[in-house]
Each structure stands twice: as C-alpha cells, then as structure tokens.
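K.L.:
generate a structure from the sequence data that follows.
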Amino acid sequence: MKISLTSRRWLLIIHILFSAIMFGNMVTFLILSITIATTEDSSLIVSCYKVMHILSNSSIKASTIGTTITGILLCIWTNWGLFKYNWIIVKEILTLLLIGLNVWGMYAWTLDALNGVGAERLWGANLSLWTGIILQIVSLIFIFAISIFKPWGKRKIQKAPVK
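P.N.:
Numbering: from 1, shown residues only. Okay, the predicted model is just below:
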C-alpha cells in the first residue's frame, strides 16, 4: 500500500516532531545532569532526578514509540522499503539501540539515581545515565545526518542462479 504525497508529507512531519521531542528530551537530560554534577544542593539534585524520571516515564517513551511507528510506516508506505537501502538498515539498528536506551535504560537509571541520592552507589547510576545520554545524543545526530545525506545507497540483493 502506498500513500499520497500529501499524506506522506504529513506522516513525515509527525515523524520529525517525534524525533525532535526525543532529541529535546536528551538535551534536557544533559542539562539536568550537568546541573547535578555542579551543585551541592541536595534538594536541587533530587528535583533534577525527579524531572528526569518523569520524562523517562512519559515523553521519552511516547517520542520513542511515536518515532519508531512513524518511521516504520514511512518505510512501508513509500518506495523506501524496510530493507532496500543500507542507510535505512543502519537507522533501524540505531533505532533498536535507542528503544532499549529510552524505554528501559533511562527509566531504570533515573530510578536508581533517585533512590540512591546520598548513597555511594549513586556514582554508578550517574555513570550509566551519562553513558546513555551521550550515546543517545550521538546516535540521534548520526540518524539525522543519515536521513539528510542518505549514504551507502541501495542494497545489492543477490539473486539465486536460475537452473
């Protein structure tokens, strides 16, 4: 099933909005993490972790799911296809990484950090959180660049020899 050009454009707008929300969430996480790292105010630290946990349980999940669904629909309903182009396959692999980081990782790491405020184990939770944030920001920037430049072209599918 293919969709009209107008429908495709609307679906693309929705996809870009979900992607922008996901990126905005990660920039917010980065800012909150920098705030946590540079303050001694325990109530501010707790507040930052609470905001991160609320975001990880709401808009991060929603934007990840929305981006994934609209991306799949764009592949299926247009000539791009799910596996025709190498750059789309790379985006799909990175999206799977982001799903794991967003849906499971950010929620678990912010919960650990929130529960460990003032404890020695907080450093480990912070390291996981920082790693997740950096991985997501770098992955999203790479996905955006791939979407613009569309490198690596179409896959060369080898056909079975005819007997």
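K.L.:
all contacts plus neighbour counts: C-alpha atoms, from now on.
P.N.:
Fine.
K.L.:
any weak-confidence spans in the chain?
P.N.:
Per-residue confidence for the chain (pLDDT under 70) gives these ranges: 117-125, 163.
K.L.:
what about the helices in it?
P.N.:
5-37, 42-57, 59-77, 86-99, 107-115, 122-149 (DSSP state H).
K.L.:
quick one: closest of the ones you listed to Ala160.
P.N.:
The stretch from the helices of the chain with the least distance to Ala160 (CA to CA) is helix 86-99; that distance is 20.5 Å.
K.L.:
what's the closest one packed up against?
P.N.:
For helix 86-99, the helices and strands in contact under the criterion 3 or more CA pairs under 8 Å, 6 or more residues apart in numbering; DSSP states H and E are helix 59-77, helix 122-149.
K.L.:
do you know which of the ones you listed lies nearest Lys2?
P.N.:
Within the helices and strands packed on helix 86-99, the stretch nearest Lys2 is helix 59-77; the backing value is 4.5 Å (CA to CA).
K.L.:
for the residue nearest in space to the middle of the chain, what are its contacts?
P.N.:
Here the mean C-alpha position of the chain is nearest to the C-alpha of Leu98 (CA atoms, centre = their mean), at a distance of 4.2 Å. With contacts defined as CA atoms under 8 Å, 6 or more residues apart in numbering, Leu98 is in contact with 64, 136, 139.
K.L.:
of these, closest to Ile16?
P.N.:
For the contacts of Leu98, the minimum distance to Ile16 (CA to CA) is 11.6 Å, reached by Thr64.
K.L.:
ok, that closest one to Leu96 distance?
P.N.:
Distance of Thr64 to Leu96, computed by CA to CA, to the nearest Å: 10 Å.
K.L.:
now Ile65: closest residue in space, sequence neighbours ignored.
P.N.:
Leaving aside its chain neighbours, Ile65 sits nearest to Ile99 (7.9 Å; criterion: CA to CA, 6 or more residues apart in numbering).
K.L.:
sorry, slip of the keys, the one I care about is Gly81.
P.N.:
Once flanking residues are discounted, Gly81 sits nearest to Cys75: 4.5 Å by CA to CA, 6+ apart.
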